[in-house]
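Engineer: predicted model and sequence follow; I will ask about them next.
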Amino acid sequence: MMEPKYVSMEMRDYLIGMGAETLNWCMQCGLCTNLCPWRLVPGEISEKFNIRYMQRLGQMGMEGFEDEDVLFACTTCGMCQTNCPRGVKIIDNVRGMRASIVGAGMAPANLRPILGSAHANGNPWSGPREKRTAWQEGLDVPPFGADTEYFLFVCCHSCYDQRSTKVAQSIVKLLKAAGVSFGVIGNEESCCGESMRKLGDEELFQKLAQSNIELFNGKGVKKIITTSPHCYWTFTNEYPEMGGHWEVIHYTQLLSRLMADGKLKVKKGFEKKTAYHDPCYLGRHSQVYDAPRELLERVAGKGTVELSRNRELSLCCAGGGGRIWAEVPMGERFGELRVIDALEKGAEVLTTACPYCLNMLIDACNSLNKEEELQIVELSEILAANLE
């Protein structure tokens, strides 16, 4: 890759203002590039994408930037950032660089419908706002009220994606079985905005976040259960500075606590050897590793196995950073490596606790034609199917 020749000071100042505050901390050691999952797969993007070079490009004010596919290739998995010796906030730097493109009205063509839907409908899945609660049909989901303890925030993906709605439905069944006081607000809810911000649309993120904060605070929300690690992370780390101060918990954390207290009981009846995939935003970003495993151990009658890369070293599914909307050729998908690993470990089921990971792993399994050998399910579905 050619080194940028000139520094655009004005652009660099803009990037820093958009969140890339640690650009100049990078000393170009290259550790980030060595750890990047793009190094593990073949293909055009892996040949061109270099996260170290991306930091240098930002330091030089984007002089020499030519390929939007490279800029939007980062999955924000955090492997590089977690191990950076200088503590560079690499993901924020990438977000700032993307904002320079999206803010100028030059978002990649494949992302424009996604961002446009989030602007118009409050979700990136082109789903009408009035259909946000369609997943609840037949479940008698309680509305959130003044005396409700928890507000259940269901990820947009699980509101509109046909496969992912089963995740929300399973979590509702588990919460009801445990006698949890919970409720939903409904069609007024909007996307948490986490992926929109990672894509560089800061204005859209601010719009969605402020809408949710005003809504939640107006309803008297104090505690939130999230179905998605992405919502959990952004409510915990980004909303507080904008006025969103709540006690936020991922569903696996709550269910693990309920089982330990004897309020939720499942039978050890899942008779398939199972491997657990750590989602980046639940594991590496939020340090939640034990709760999902504790839950799985309670139902796995045939035992569990660990993937070769697990916990803080878990391999990304490639759905973060807006990549869930990217088209990646077969043979170049991170998820395929997870499927192969699970099969080599003798697993019959690969489970996870994230709706993004669920879809990415299912696609990877299908692309390898391994759907007859390996079942991909979300952890909540296993638990709900084994309630006492």
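Structural biologist: Everything's here; your move.

Engineer: distance of Ser46 relative to Phe72?
Structural biologist: 14 Å (C-beta to C-beta, to the nearest Å). Quick note: C-beta positions are derived from backbone N, CA and C, even for glycine.

Engineer: my bad, Ala260
Structural biologist: 42 Å.

Engineer: buried residues in stretch 340-350, which are they?
Structural biologist: By 16 or more other C-beta atoms under 10 Å, the buried positions in stretch 340-350 come out as 340-343, 347-350.

Engineer: stretch 163-174 too?
Structural biologist: 164-174.

Engineer: which one is the residue nearest to the spatial centre of the chain nearest to, not counting chain neighbours?
Structural biologist: By C-alpha atoms, centre = their mean, the chain has its centre lying nearest to His230, at 4.0 Å. Nearest non-adjacent residue to His230, counting by C-beta to C-beta, 6 or more residues apart in numbering: Glu194, 4.5 Å away.

Engineer: look up phi and psi at that neighbour.
Structural biologist: phi -60, psi -50 (degrees, to the nearest 10).

Engineer: how many other residues sit next to it?
Structural biologist: Look at Glu194: counted by other C-beta atoms under 10 Å, it has 27 neighbours.

Engineer: also Ala120?
Structural biologist: For Ala120, the neighbour count with other C-beta under 10 Å is 11.

Engineer: so which helix or strand takes in it?
Structural biologist: Element membership for Ala120, per DSSP states H and E: helix 112-121.

Engineer: cool, His157 as well?
Structural biologist: Per DSSP H and E, His157 falls inside helix 156-160.

Engineer: which residues are in contact with that helix?
Structural biologist: Residues from elsewhere that reach helix 156-160, judged by C-beta atoms under 8 Å, 6 or more residues apart in numbering: 123-127, 131-135, 164-165, 167-168, 191-192, 227-228, 324, 355-356, 359.

Engineer: go on, stretch 110-123?
Structural biologist: Applying C-beta under 8 Å, 6+ apart, the external contacts of stretch 110-123 come out as 72, 102, 107, 124-129, 132, 156, 159-160, 189-191, 193, 196, 199, 201, 204, 207-208, 211, 322, 325-327.

Engineer: and stretch 345-353, by the same measure?
Structural biologist: Contacts for stretch 345-353 (C-beta under 8 Å, 6+ apart): 229, 250-252, 270, 272-279, 282, 292, 296, 302, 305-308, 317, 338-339, 342, 358, 361, 365, 373-380, 382.

Engineer: of the residues you listed, which belong to strands?
Structural biologist: Using DSSP state E, the subset of the contacts of stretch 345-353 located in strands is 250, 274-277, 305, 375-378.

Engineer: so where is the chain shaky, pLDDT-wise?
Structural biologist: Applying pLDDT under 70 to the chain flags the ranges 1-8.

Engineer: got the domain ranges for it?
Structural biologist: In terms of domains, the chain is parsed into 9-102, 111-258, 266-385 (source: automatic domain parsing).

Engineer: ok, back up a step: can you list contacts of the following helix or strand past the helix holding His157?
Structural biologist: Sequence-wise, the next helix or strand downstream of helix 156-160 (DSSP H and E) is helix 165-177. Under the contact criterion C-beta under 8 Å, 6+ apart, helix 165-177 has outside partners 134-136, 139, 141, 150, 152, 154-155, 158-159, 182, 225, 227, 251, 255, 264, 355, 358, 378, 380-381, 383-385, 387.

Engineer: what are the pairing partners of the helix or strand following helix 165-177, and which direction each?
Structural biologist: Using DSSP H and E, the helix or strand that follows helix 165-177 towards the C-terminus is strand 182-183. The pairing partners recorded for strand 182-183 under DSSP bridges are strand 150-153 (parallel).

Engineer: quick one on the thing from earlier: which of Ser46 and Phe72 has more neighbours?
Structural biologist: More crowded of Ser46 and Phe72, by other C-beta under 10 Å: Phe72, with 26 against 16.

Engineer: quick one: the more buried one and Ala109 touch, right?
Structural biologist: No - shown here, Phe72 and Ala109 do not form a contact pair, counting by C-beta atoms under 8 Å, at 11.2 Å.

Engineer: before we move on, back to that, got the buried residues of stretch 163-174 as a markdown table, with distance to Gly58 columns?
Structural biologist: Output for the buried residues of stretch 163-174, formatted as a markdown table (distance: C-beta to C-beta, whole Å):
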| residue | distance to Gly58 |
| --- | --- |
| Ser164 | 34 |
| Thr165 | 39 |
| Lys166 | 41 |
| Val167 | 36 |
| Ala168 | 38 |
| Gln169 | 43 |
| Ser170 | 42 |
| Ile171 | 39 |
| Val172 | 43 |
| Lys173 | 46 |
| Leu174 | 44 |
